[in-house]
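here are the coordinates; sequence isn't available:
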């Protein structure tokens, strides 16, 4: 369970870094970086959703 908790924290930090990079890229007209940050941010949201479902199922079957 601790591994999943640590993974959730890593996903959250990664998502916020992607948001910060996306904001910087938008301000500086670096649209390639903005697109990359958007893809990475969406990836982290998908991974967090899968992890949340996995933990919910694990707790349900306990």
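Happy to help now that I have it. Everything quoted here is computed from the prediction, not taken from an experiment.

so which residue is dead centre in the protein?
residue 44 (2.5 Å; C-alpha atoms, centre = their mean).

residues touching that residue, list them.
11, 12, 14, 15, 18 (C-beta atoms under 8 Å, 6 or more residues apart in numbering). Where you see a C-beta, it was placed from the backbone N, CA and C, and this is true even at glycine.

so residue 23 is in which element?
Secondary structure assignment for residue 23, by DSSP states H and E: helix 2-27.

tell me the mean pLDDT over the next helix or strand after that helix?
The helix or strand immediately downstream of helix 2-27 is helix 31-60, counting by DSSP H and E. For helix 31-60, the mean pLDDT works out to 96.

buried residues in helix 31-60?
34, 37, 40, 41, 44, 47, 48 (16 or more other C-beta atoms under 10 Å).

what does residue 30 show for phi and psi?
phi -100, psi 80 (degrees, to the nearest 10).

tell me the spacing between it and residue 18.
According to C-beta to C-beta, to the nearest Å, residue 30 and residue 18 sit 14 Å apart.

quick one: residues contacting the residue nearest to residue 38 when sequence neighbours are not counted.
Leaving aside its sequence neighbours, residue 38 sits nearest to residue 22 (C-beta to C-beta, 6 or more residues apart in numbering; 6.2 Å). Applying C-beta under 8 Å, 6+ apart to residue 22 gives the contacts 33, 34, 37, 38, 41.

give the contact list for residue 34.
Taking C-beta under 8 Å, 6+ apart as the test, what residue 34 contacts is 22, 25, 26.

quick one: it and residue 45, what's the gap?
16 Å.

same question for residue 3.
Counting by C-beta to C-beta - residue 3 and residue 45 are separated by 20 Å.
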